[in-house]
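Visitor: with the sequence up front, the predicted model follows.
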Amino acid sequence: MNRDAKKRRRQRIAQLNPHQSWQEWRVPPTRNRFIYKCFISLIIYLLIWTIFQLEHSNARRTQQAIKDVMNHSFDYATLTSWYREHIGTLPTMLPAFQAHIAGRTKADFSSPVSGLVAKTDMNRTGVITLHTSENRTVTAIGRGLVQNVIDSGTSGLTVRVLHLNGTIGIYGGLEDVQVVRNDWLEEGIIIGHTNILHFALMKEEQYLNPWDVIPFD
């Protein structure tokens with residue numbers, strides 16, 4: 001199969017199922033390839049070990065650079081934003097983001113607050129304000145990645161979480177926050193606490209109606 005034929009085949013696969021198009025590139029590993037990768041890994045390990053045995057100034061700078069890379073949190077939020085902008089709606093290499101939002105029911109996301117909700121308001125932009133009788137725990141409505149934690153001053157703290165299929169959950173008015181940027185959250189993980197939660201859902205820069213997908217108490 002020539003190059004043009006392979007390209008056309010990949011395009012057809014992508015049109016039928018964008019999430020499976022990457023399968024075209026999968027090749028079963030061979031024994032020689034495995035040995036080759038182990039050999040390269042050993043060389044890299046020995047090279048780094050040698051660098052850390054040296055006392056030269058250039059070696060110390062390299063040592064510090066390696067330490068910085070190993071101890072610095074990877075910026076997944078920036079990666080996913082770049083991927084969505086240049087390649088596709090979602091980072092398809094993360095299986096958790098491959099679920100389809102079409103046909104959702106209210107069971108797909110859980111409520112961000114448990115217990116009695118005394119009052120709910122929804123403004124024109126789609127932001128719901130949940131008034132509770134006391135300081136309540138705010139939890140993640142589903143699996144996702146923390147994009148930002150913003151201190152909004154007198155209006156409290158705001159957490160943005162990238163949930164399934166590009167849906168962004170915005171949790172505002174928090175009195176305290178127990179997550180940081182790039183944290184991976186499972187459904188029900190504590191995000192923070194508040195008695196007045198400003199909550200919104202967005203997808204492709206458009207506000208969604210949270211009532212359509214979340215069973216508020």
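Guide: Everything's here; your move.
Visitor: okay, and the beta partners of Gly169?
Guide: Val161, Leu201 (DSSP bridges).
Visitor: got it, and Thr132?
Guide: Beta-bridge partners, per DSSP bridges, of Thr132: Val117.
Visitor: and for Asp4, the neighbour number?
Guide: Neighbours of Asp4 under the rule other C-beta atoms under 10 Å: 8. From N, CA and C alone the C-beta is placed, and that goes for glycine too.
Visitor: that should have said Gly126, apologies.
Guide: 17.
Visitor: now the longest helix belonging to the chain - C-alpha only, CSV.
Guide: Ranked by number of residues, the top helix in the chain under DSSP state H is helix 31-51. Output in CSV follows, covering the C-alpha atoms of helix 31-51 (Å, rounded to 0.1, in the frame of the first residue of the first chain):
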residue,chain,number,x,y,z
ARG,A,31,11.8,-8.9,20.5
ASN,A,32,14.5,-7.0,18.7
ARG,A,33,12.7,-3.7,19.2
PHE,A,34,12.2,-4.4,22.9
ILE,A,35,16.0,-5.2,23.3
TYR,A,36,16.8,-2.0,21.4
LYS,A,37,14.7,0.1,23.7
CYS,A,38,16.2,-1.5,26.8
PHE,A,39,19.7,-0.8,25.4
ILE,A,40,18.9,2.9,24.7
SER,A,41,17.3,3.2,28.2
LEU,A,42,20.5,1.8,29.8
ILE,A,43,22.7,4.2,27.8
ILE,A,44,20.5,7.2,29.0
TYR,A,45,20.7,5.9,32.6
LEU,A,46,24.4,5.5,32.5
LEU,A,47,24.8,9.0,30.9
ILE,A,48,22.7,10.6,33.6
TRP,A,49,24.5,8.7,36.4
THR,A,50,27.9,9.9,35.0
ILE,A,51,26.7,13.5,34.9
